[in-house]
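1. What would the 3D arrangement of this be:
(one chain, ligands or ions: 2)
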Amino acid sequence: MTEQQSQKTERIFRGVQVSPGIARGVVHICGSQEEPVERRQLRPEDVPAETGRFEQALIKTRQQLTEIPTHLGKELGGGDVSIFDAHLLVLDDPMLAEQVLKRLKEEQINVEYILHEVTEQYAQALSKVEDSYLRERVGDVRDVTRRIMRNLQGEHREDLQHLPGPRIVVAHDLSPSDTALMDRAKVLGFATDVGSRTSHTAIIARSQGVPAVVALHDITRQVTTGDDALVDGFSGLLIINPSQTTLYEYGEIEIRHHTLEERLTILRDKPAETRDGCRIELAANIEFPDEAVSARDHGAEGIGLYRTEFLFLNRRDLPGEDEQLAAYRHVAKVMAPHPVIIRTIDLGGDKLFPPDHGQPERNPFLGWRGTRFSLDRPDIFKTQLRAALRASAEGSVKLLYPMISCTSELTRTAALLNECKEELRREGKPFNEQMEVGAMIEVPSAALMAHQLAKHVNFFSIGTNDLIQYTLAVDRVNERVAHLYAPTFPAVLRLIKLVVDAARAHHIWVSVCGEMAGEPLLTPLLVGLGVEKLSMSAVSLPLVKFVVRAMNRSDALTFAERSLQSESPTEVQGWLEDYVRSIAPDVVEMVKPPQTPPR
Ligand code: PEP
Ligand code: MG
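-> Ligands and ions are numbered 1, 2, ... in the order given. Model prediction:
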């Protein structure tokens with residue numbers, strides 16, 4: 001086979017589907033996994049050329065670092081771009097270039113190797129200093145090195161916000177911050193080496209309606225920029241050089257999906273009510289204020305979870321009270337008269353906030369995260385509480401605290417909230433005195449203490465993404481253990497039931513806002529466990545409503561009872577598929593069941 005022929009051969013890679021839909025286009029590899037830096041001895045006569053190569057790379061890097069902020073400034077409407085100023089400072093540090101050039105002359109080794117050594121020594125030394133400001137520069141040093149390295153190697157890995165046109169993005173991994181920065185108009189779909197269904201990257205892809213497949217192992221080494229590709233976000237496939245037959249089949253699949261979507265659109269203004277009359281409230285989760293419009297257009301009866309930490313990512317300064325107020329007001333206005341649940345910042349885990357995370361944590365999901373972080377930083381927290389309170393004067397706004405693990409956290413948040421109310425009263429700034437507050441139940445200790453926690457809040461919101469990872473000790477973003485991440489595991493179901501029963505006993509309401517809420521195959525299970533409010537990515541809403549309207553609550557109750565007694569998540573999963581297939585066969589065809597664990 002000639003090289004040309006082999007390039008055209010169809011190749012199918014199987015990963016994990018994280019965002020439904022089909023996208024076809026040209027591949028663009030972004031920031032592939034870092035290769036070990038090769039060491040090469042140079043001939044003395046090659047040193048001047050190597051020096052020139054380094055100087056050119058520095059010039060190019062400087063040019064990029066001055067151009068990106070202009071682009072970003074436009075995109076973000078004057079948003080913060082100071083991270084690039086910090087990068088320029090590193091680049092302009094005379095020590096860096098001088099040392100590299102000196103060693104290049106003395107040792108006559110390829111410049112990539114020297115640059116790597118010099119910057120690593122620099123970063124190591126910085127990470128040990130007392131001064132936290134200097135320690136935080138370690139990330140900048142590594143980012144700048146990466147950029148110089150890319151320019152040295154002559155690769156065309158444009159940053160995600162600088163794609164040359166509409167593209168299928170292929171990357172080793174995308175952090176939630178990377179995903180948040182993506183030029184949404186140009187990303188047709190994405191595929192990554194690593195990743196999982198409940199990572200925040202996957203969640204954003206779903207919210208944005210970008211088809212995505214993750215956990216494709218070494219896909220960045222298997223494909224090249226310019227390849228023709230098809231992302232099948234329904235079945236978790238990346239198809240390179242799709243054949244005519246494949247394209248025809250996908251054309252058929254798309255027609256079927258469109259037909260079903262049209263049927264679903266008709267349901268938009270119909271209530272989510274089971275055949276036997278149980279009304280389920282369906283709300284949407286958002287990460288960015290501009291997603292509120294899509295939530296409303298998909299028929300959401302409110303925002304059940306607004307992940308406000310995304311306001312804090314990709315910047316080095318903090319969003320002030322007025323900036324936050326503007327964002328919260330906007331969402332409340334778009335959603336009026338429906339409620340908006342503002343979750344206070346859940347930084348930490350896979351959502352890192354550069355100024356406070358200079359030192360990486362060993363177990364970030366068990367570390368300085370969510371309300372723990374907020375309580376340690378009352379300056380940041382109170383700014384947010386004040387903004388949310390002020391937004392409550394104009395819209396139906398509620399507050400939700402993430403990662404609650406004990407009652408004392410709730411008493412401490414309540415004290416800070418009262419301080420903010422007092423301040424606002426003194427300043428004559430209006431707010432809703434009765435604004436409801438809730439606790440996320442996503443740590444097993446909180447689920448087990450639900451009766452006690454219920455006395456401190458107006459509602460619970462069950463965050464199954466974390467509840468599952470902490471109950472089963474399965475890292476939600478680690479693809480190696482993704483097969484063990486089982487929403488239908490009876491231990492998880494028992495905790496959900498416990499929380500629902502506690503809420504009922506204390507006359508507070510309860511909702512589920514983890515990704516389980518948006519899996520149509522799991523809808524009968526949650527309804528059977530007594531959940532009557534679900535909040536999910538807007539795109540999942542029509543399908544879930546379809547299932548709600550096709551099912552009977554009485555079936556769900558029986559079914560949930562059996563599931564609670566089951567020993568196996570696979571068994572529960574099988575029952576669910578059979579049940580949903582019997583009431584809504586098109587749905588089962590459209591959403592491939594979430595991964596089932598081999599237990
Ligand atoms: C959850 O844990 O289920 C949740 C909704 O919060 P997040 O996914 O943002 O951690
Ligand atoms: Mg969570």
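2. show me what contacts Thr558?
-> Gly528 (Cβ atoms under 8 Å, 6 or more residues apart in numbering). For glycine as for every other residue, the C-beta is placed from the backbone atoms N, C-alpha and C.
3. mind checking which helix or strand it is in?
-> Under the criterion of DSSP states H and E, Thr558 resides in helix 553-565.
4. tell me the mean pLDDT for that helix?
-> In this model, helix 553-565 carries a mean pLDDT of 96.
5. Following the chain past it, name the next helix or strand.
-> Next along from helix 553-565, by DSSP H and E: helix 569-583.
6. hmm, stretch 497-510 in reach of ligand 1?
-> No. Remark: stretch 497-510 sits outside contact range of ligand 1, by Cβ under 6 Å from any ligand atom, the gap being at least 12.6 Å.
7. just how off-centre is that stretch within its chain?
-> In terms of Cα atoms, centre = their mean, to the nearest Å, the centre of stretch 497-510 is set 28 Å apart from its chain centre.
8. Contacts for it, please.
-> By Cβ under 8 Å, 6+ apart, stretch 497-510 touches 441, 447-448, 450-451, 453-455, 457-462, 529-533, 560, 564.
9. Can I get the buried part of these as one PyMOL selection?
-> PyMOL command restricting those to the buried ones, with burial defined by 16 or more other Cβ atoms under 10 Å:
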select buried, resi 441+447+450+453+454+457+458+459+460+461+462+529+530+531+532+533+560+564
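10. Keep only those of the contacts of stretch 497-510 that are in strands.
-> Judged by DSSP state E, the subset of those located in strands is Ile441, Phe459, Phe460, Ser461, Ile462, Lys533.
11. Give me the local confidence score for Asp317.
-> Taking Asp317 on its own, its pLDDT is 80.
12. Now do the contacts for Met435.
-> Contacts of Met435 by Cβ under 8 Å, 6+ apart are Ala388, Leu389, Ser392, Val397, Lys398, Leu399.
13. what about Leu366, distance to Leu238?
-> 33 Å (Cβ to Cβ, to the nearest Å).
14. With neighbour numbers in mind, choose between the two.
-> Neighbour tally, Leu366 and Leu238, criterion other Cβ atoms under 10 Å: the higher count belongs to Leu238, 28 against 14.
15. how much space is there between the closest residue to ligand 1 within the stretch 301-450 of the chain and ligand 2?
-> Nearest residue of the stretch 301-450 of the chain to ligand 1: Glu442, at 4.5 Å (Cβ to the nearest ligand atom). Glu442 sits 5 Å away from ligand 2, going by Cβ to the ion, to the nearest Å.
16. Surely that residue touches Ile462?
-> Yes. In this structure, Glu442 is within contact of Ile462 by Cβ atoms under 8 Å, at 7.1 Å.
17. Name the residues of stretch 478-489 that come out as buried.
-> Buried, per 16+ other Cβ under 10 Å, within stretch 478-489: Asn478, Glu479, Val481, Ala482, Leu484, Tyr485, Ala486, Pro487, Thr488, Phe489.
18. Tell me who's in contact with the third one.
-> Applying Cβ under 8 Å, 6+ apart to Val481 gives the contacts Val474, Asp475.
19. The first one now?
-> By Cβ under 8 Å, 6+ apart, the contact set of Asn478 is Ser196.
20. ok, it to Asn552 distance?
-> 38 Å.
21. So which residue is dead centre in the protein?
-> In the chain, the centroid-proximal residue (Cα atoms, centre = their mean) is His200; its distance is 1.7 Å.
22. tell me the contacts of the closest residue to that residue other than its chain neighbours?
-> Residue nearest to His200 in three dimensions, not counting chain neighbours: Pro176, with 3.8 Å by Cβ to Cβ, 6 or more residues apart in numbering. Contacts for Pro176 (Cβ under 8 Å, 6+ apart) come out as Ser199, His200, Thr201, Ile204, Phe310, Leu313, Asp350, Lys351.
23. okay, those residues in TSV with secondary structure, pLDDT and distance to ligand 2 next?
-> What follows is the contacts of Pro176, written out as TSV (DSSP: H, G, I helix; E, B strand; the rest coil; pLDDT from 0 to 100; distance: Cβ to the ion, whole Å):
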residue	secondary structure	pLDDT	distance to ligand 2
Ser199	coil	84	11
His200	helix	81	9
Thr201	helix	83	14
Ile204	helix	85	14
Phe310	helix	91	14
Leu313	coil	83	16
Asp350	coil	77	10
Lys351	strand	76	10
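24. All set now, cheers.
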